[in-house]
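> With the input below, show me the fold.
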Amino acid sequence: MRSLALTDSAVGRRLCADCATGLNPCVSCTEVTFTGLRTDTGGFVCGICAHQLFDQCFRCERFTRHSRYVVGNHRACPTCTQELRSCPDCGTLLAGRRGCDRCADRHTLWNYTYRPDPIFHGTGPLFLGLELEVVVPEDCFDDAIATATDALGSLGYLKRDSSIRPMGFEIVCHPMTYQYALTGFPWQVLHQLARLGCETGAGVGLHVHASRAGFTGPAHIFRWMKLVYRNSDQVSRLARRTSRYAPFESDTRSRAKDLAKGARHAVGLPRYQAINPHPRDTLELRVFASTLDPGQVQAALAFTEASIAYTADLTVAQIRAGGWNWDRFTDWLTHRLEYAPLVAELAHLADQIDEQEGVLCAS
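Predicted structure coming up:
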């Protein structure tokens, strides 16, 4: 009986040589694809990779990894961007006779799908993207928008989010280093929003995106994910919540080694989990409860960077000796003054536990 050499396809089917003839390999995953989805580099991309890793250019309709935002919530490939003019004030790409939507109203509340070109603040390679959901009373909604946008300036923008009840918005910051955030973010705006009557809590979230380029490679991402998942109780205590929007999924933990290799491996997993592996260029840590306390926001940013820094050089020998244990991580923190907001928050939480235990003993 003659054996057949089989070729894997992008949709999980195996094809013989005759059936694979004439099909094209995906430029991303290299597996053969049945689709005719062309890329801006001349190849083809499978449907899975097109959805996860590419954008479709609104002009040439080809798929690209390197799109830019165009007014009207469009995306354009590098070739087509050369044929578009830019806003002279902010650089946003313009289409046709449309004016710049970014400059038209600096107090804009953008749709949830809005994704402008990132503006990087600080010197990488690790950049953090802060997302802070805020509940806003109806009678001060416009004032809250104006207050937040005026304070943020070019550092961020506001987006609608239907999950914020009864109403509110999400503060989204452009990528910034941890050190830049400590000195460059307008921390006073959190107090200003609180004075207007805005609220936060466990029902709304604080999310931190960490740039994949800030990791040394897939092995580093794997070590970081394992640290977070192996210490879910301690991380949840620091985050001040457990949430159905950020659960510690066992399936995700078991697939950490594959997920560390890129967003394509996240197909089939939900986005709503402790670490969202779906973004192409970042990993999203979703565990934190939202807050208008600057110290708690700084602690969330500090934990994200500190946990990434701690796992960067963690060796197999150190891991076997307990390197993934929470106590080892917190001991490491005490020698690094740059993470003072995190150390302070952990000390505050420890004091709360001691007080609660004292009350229980007294009763």
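
> what's the span of stretch 306-325, first residue to last?
Stretch 306-325 has an end-to-end distance of 15 Å (Cα to Cα, to the nearest Å).

> Show me what counts as buried in that stretch.
Neighbour counts over stretch 306-325 (16 or more other Cβ atoms under 10 Å) mark A306, S307, I308, A309, Y310, T311, L314, I319, G323, W324 as buried. Using the backbone N, CA and C atoms, a C-beta is placed for each residue, glycine as well.

> Which of those lies at the shortest distance from A263?
Using Cβ to Cβ, I308 comes nearest to A263 of the buried residues of stretch 306-325, at 17.6 Å.

> I'd like to know how far the closest one sits from L269.
21 Å (Cβ to Cβ, to the nearest Å).

> same thing with R230?
R230 is 19 Å from L269, by Cβ to Cβ.

> again with S254
11 Å.

> Look at these two and report which has more neighbours.
When S254 and L269 are compared for neighbours, L269 comes out ahead with 16 against 11, by other Cβ atoms under 10 Å.

> How about that one, nearest residue that isn't a chain neighbour?
Of all residues not flanking L269 in the chain, T252 sits nearest, at 5.9 Å (Cβ to Cβ, 6 or more residues apart in numbering).

> dump the residue contacts of that neighbour.
Counting by Cβ atoms under 8 Å, 6 or more residues apart in numbering, T252 makes contact with Y229, L259, L269, Q273, A274, I275, P277.

> Check D40 too.
Counting by Cβ under 8 Å, 6+ apart, D40 has contacts C57, C60, R62, F63, T64, C77, P78, T79.

> Can you give me the pLDDT of the third one?
As predicted, R62 sits at a pLDDT of 97.

> ok, it touching C77?
Yes: taking Cβ atoms under 8 Å as the definition, R62 is a contact partner of C77 at 6.1 Å.

> The two: which is more packed in?
It is C77, of R62 and C77, that has more neighbours when counted by other Cβ under 10 Å, with 25 against 19.

> re earlier: find the pair from the contacts of T252 with maximum spatial separation.
Pairwise over those, using Cβ to Cβ, the maximum falls at Y229 and L269, 13.5 Å.

> burial of P166, as a residue count?
8.

> ok, now which ones touch it?
P166 makes contact with V135, E138, according to Cβ under 8 Å, 6+ apart.

> And it, how close does it get to E199?
Remark: distance between P166 and E199 (Cβ to Cβ) = 11 Å.

> what's the answer for F34, then?
Computed as Cβ to Cβ, the F34 to E199 distance reads 50 Å.

> ok, now H348?
Taken as Cβ to Cβ, the span from H348 to E199 is 21 Å.

> of those two, who's got more company?
Neighbour totals were compared for H348 and E199, and E199 leads with 15 against 12 (other Cβ under 10 Å).

> Dig out what that one forms beta bridges with.
V135 (DSSP bridges).

> check contacts around it.
Taking Cβ under 8 Å, 6+ apart, one finds V134, V135, L292 in contact with E199.

> Which single one of these is nearest to R336?
R336 has its nearest neighbour among the contacts of E199 in L292, at 26.5 Å by Cβ to Cβ.

> Just to check, that closest one is in contact with L193?
Yes: taking Cβ under 8 Å as the definition, L292 is a contact partner of L193 at 5.9 Å.

> Sort out which residues of stretch 256-266 are buried, please.
Those would be A256, L259, A260, G262, A263, R264, H265, A266, for stretch 256-266 by 16+ other Cβ under 10 Å.

> so who does the last one touch?
In other words, A266. Contact partners of A266, counting by Cβ under 8 Å, 6+ apart, are Q52, L259, P277, H278.

> how about those residues, which pair is most distant?
Farthest apart among the contacts of A266 by Cβ to Cβ are Q52 and L259. That separation is 12.2 Å.

> and stretch 88-108, how far apart are its ends?
End-to-end span of stretch 88-108 (Cα to Cα): 19 Å.

> What distance do you get for the closest residue in space to T33 that isn't next to it in sequence to C90?
Of all residues not flanking T33 in the chain, C46 sits nearest, at 3.8 Å (Cβ to Cβ, 6+ apart). In this view, C46 and C90 are 36 Å apart by Cβ to Cβ.

> Please apply the same query to V297.
27 Å.

> quick one: which of the two has more around it?
The neighbour comparison of V297 against C90 (other Cβ under 10 Å) goes to V297, with 23 against 13.

> How is that one assigned, secondary-structure-wise?
helix (DSSP: H, G, I helix; E, B strand; the rest coil).

> wait, what's in contact with it?
By Cβ under 8 Å, 6+ apart, V297 lies in contact with L130, L132, W187, L190, L206, T291.

> Also T149?
So T149 contacts R106, H107, T108, Y157, L158 (Cβ under 8 Å, 6+ apart).

> Now restrict those residues to buried residues only.
Buried residues within the contacts of T149, counting neighbours by 16+ other Cβ under 10 Å: T108, Y157, L158.

> Can you lay out these as TSV showing distance to C173?
Below are those laid out as TSV (distance: Cβ to Cβ, whole Å):
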residue	distance to C173
T108	16
Y157	9
L158	11
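
> Next step: these restricted to helices.
Using DSSP state H, no member of the buried ones among the contacts of T149 falls in helices.

> which residues of the stretch 151-300 of the chain fall in helices?
Assigned by DSSP state H, counting those that start in this stretch, the helices in the stretch 151-300 of the chain fall at 178-184, 188-195, 218-230, 232-239, 250-254, 256-259, 294-312.

> Please list the residues outside the shortest one that contact it.
This means helix 256-259. I221, F222, M225, K226, Y229, T252, H265, A266, L269, P277.
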